[in-house]
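A.B. asks: pasting the sequence and the predicted model now:
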Amino acid sequence: MSKLEFFEIETSRLKLRRFKDEDVSNFYKYRSNPDVAIYQGWENYTYEQAINFIEKQKSAEMNLPDSWVQVAIENKMNGQLIGDIGVHTLLDPANQVEVGFTLEPLYQNKGYAFEALHRIVDYLFNELNKEKINAIADEQNSSSIKLLRKLGFQQIKIIENSYFKNQYVTEIMFELSKNDWNNK
């Protein structure tokens with residue numbers, strides 16, 4: 001797998017890019033919000049964690065097997081970080097990725113997540129030549145489920161009794177193929 005230069009992509013309202021030092025405050029603001037963290041793998045996020053995370057992401061490489069890279073979502077109108085998309089390049093098969101996404105509550109339900117994820121999906125399929133993209137959502141996370149379905153992801157599996165944050169939850173696994181994406 002070759003080393004890939006980090007991309008920067010613009011949509012009508014957003015810039016998808018690498019993280020930078022100036023993102024720390026906004027990143028910490030939404031990562032430390034319990035309403036944002038409810039369906040995410042972190043709790044009690046600290047400012048120090050935010051600084052360390054962004055420092056690592058500033059040099060993270062896209063498309064390395066068994067690695068996660070977070071893509072910053074910037075609002076072009078004010079230049080502020082409003083969220084991020086995680087891209088996990090799987091080890092096996094390497095032509096598949098998993099995605100996850102987080103958005104500052106002020107920007108939720110306004111089409112920003114759809115706009116960002118739509119562009120990342122297109123990039124993953126048509127620039128990186130991935131064949132499948134997976135995503136997992138807690139069955140209670142109706143906004144994420146609705147977004148994934150709107151993008152064409154299909155439910156492929158229900159994972160019952162998944163242990164998450166000291167409780168058992170039901171998760172739904174979704175999948176989107178390159179063929180389905182390019183033929184919609």
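C.D. replies: Okay, I see it.
A.B. asks: just the strands in this structure please.
C.D. replies: 9-10, 14-17, 67-75, 80-89, 96-103, 132-138, 154-164, 167-177 (DSSP state E).
A.B. asks: give the pairing partners of the last one; include direction for each.
C.D. replies: Translated: strand 167-177. Strand 167-177 has the following sheet partners, assigned by DSSP bridges: strand 132-138 (antiparallel), strand 154-164 (antiparallel).
A.B. asks: looking just at contacts, which helices and strands does the longest helix along the chain meet?
C.D. replies: If you go by DSSP state H, the chain has its longest helix at helix 112-126. Packing partners of helix 112-126 (3 or more Cβ pairs under 8 Å, 6 or more residues apart in numbering; DSSP states H and E): strand 9-10, strand 14-17, strand 67-75, strand 80-89, strand 96-103, strand 132-138, helix 142-150, helix 178-182. Bear in mind the C-beta positions are built from the backbone N, C-alpha and C, glycine included.
A.B. asks: circling back: by mean pLDDT, show me the worst of the strands of the chain.
C.D. replies: Lowest mean pLDDT of the strands of the chain: strand 154-164, a mean of 81.
A.B. asks: now do it: distance to the chain's middle.
C.D. replies: With Cα atoms, centre = their mean, to the nearest Å as the basis, strand 154-164 stands 18 Å off its chain's centre.
A.B. asks: distance of the residue nearest to the spatial centre of the chain from Ile145?
C.D. replies: Per Cα atoms, centre = their mean, the C-alpha nearest to the average position across the chain is that of Ile85, at 2.5 Å. To Ile145, Ile85 is 17 Å away according to Cβ to Cβ, to the nearest Å.
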